[in-house]
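Trainee: Compute the structure for the input listed below.
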Amino acid sequence: MKLNNNLFKSYEISKSKPKIIIYIANGIMIDPVESIKEHNFPENSNVYLIYYHLAPSLKILVHEWLKHIENITQESTKIILVGFSAGALVIHRMVSILSELNIEVNIRTISISPAHLKNFNMLKEFTVDFLENLPDKIGKRMLKRLPWSGNYPLLSYDEIIEQLKLFRSDKIYENTLGVVDIIVIPYNDKLCCDVNFAKKHANDIRQINGKHDIQTLPLVSIINNQLTTGEN
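Mentor: Below is the predicted model of the structure:
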């Protein structure tokens with residue numbers, strides 16, 4: 001199976017040797033570039049966006065991510081893995097898969113507004129074949145009924161269908177989710193998991209003001225806080 005070379009797209013590259021590598025997996029349907037373009041990342045960092053829907057499976061995504069890390073990092077480089085909404089569940093799955101493979105990676109993991117698993121109930125009714133053969137007109141109407149549908153920059157229709165297929169084939173709504181360093185929960189976020197979920201899936205929990213919108217959440221300050229927390 002030929003893999004897509006654009007699984008990890010560079011978003012912002014440091015002009016000097018980077019001390020921090022930040023990987024970001026964004027929410028379902030959301031255009032990753034548009035959603036974070038107002039955030040000013042640390043000058044000494046390289047930022048990569050994870051286009052997880054281009055991976056045949058999340059296990060293969062993890063293997064390709066490990067190769068990517070090996071190719072671009074130095075021994076002293078700090079690695080931050082960030083996920084938002086459905087992308088946060090991808091991060092939890094990646095952590096779980098690393099544990100299953102008995103692979104240890106020196107990273108800080110941040111889950112921001114992880115999507116509530118009940119948001120995937122509708123997806124359970126569909127097969128991958130159904131999604132692959134869904135007429136565009138019917139599919140676009142269906143997308144408007146999904147919990148994540150909203151007024152924000154979107155990926156293309158075909159890319160969103162690939163996301164849904166990946167979540168359906170991986171059964172992310174019932175598969176094992178790993179424990180991350182921190183889960184960040186906005187107070188006004190009805191699409192996010194609850195505190196009980198967070199207690200089971202994070203070493204630390206932070207509740208902040210805001211809603212289910214990565215454009216307005218304090219993404220960079222959350223990352224900076226974890227950089228400080230992660231220092232030896």
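Trainee: from here on, contacts and neighbour counts on C-alpha atoms
Mentor: Noted.
Trainee: buried set for stretch 198-218?
Mentor: Buried residues in stretch 198-218, defined by neighbour count with 16 or more other Cα atoms under 10 Å: 198, 201-202, 205, 211-212, 214, 217.
Trainee: Also stretch 87-101?
Mentor: Quick answer for stretch 87-101 (16+ other Cα under 10 Å): 87-98.
Trainee: repeat for stretch 144-163
Mentor: 148, 154-155, 159-163.
Trainee: Name the nearest of the buried residues of stretch 198-218 relative to residue 171.
Mentor: Nearest to residue 171 out of those is residue 201 (Cα to Cα; 17.4 Å).
Trainee: Now tabulate the buried residues of stretch 198-218 in TSV and tack on pLDDT, distance to residue 49 and secondary structure.
Mentor: Output for the buried residues of stretch 198-218, formatted as TSV (pLDDT from 0 to 100; distance: Cα to Cα, whole Å; DSSP: H, G, I helix; E, B strand; the rest coil):
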residue	pLDDT	distance to residue 49	secondary structure
198	96	24	helix
201	97	23	helix
202	97	22	strand
205	97	24	strand
211	92	22	coil
212	91	19	coil
214	93	14	coil
217	95	17	coil
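Trainee: Could you point out the helix or strand that follows the worst-scoring helix or strand of the chain on mean pLDDT?
Mentor: In the chain, the helix or strand scored least confidently by mean pLDDT, DSSP states H and E is helix 136-145, which has a mean of 87. Where DSSP states H and E defines the elements, the next helix or strand beyond helix 136-145 is helix 157-170.
Trainee: What helices and strands are in contact with that next one?
Mentor: Using 3 or more Cα pairs under 8 Å, 6 or more residues apart in numbering; DSSP states H and E, the elements in contact with helix 157-170 are helix 128-132.
Trainee: Packing partners of the helix it packs on?
Mentor: helix 157-170.
Trainee: rewinding a little: got the angle for the least confident helix or strand of the chain vs helix 157-170?
Mentor: 70 degrees (axes from the mean of the first three to the mean of the last three Cα atoms, to 10 degrees).
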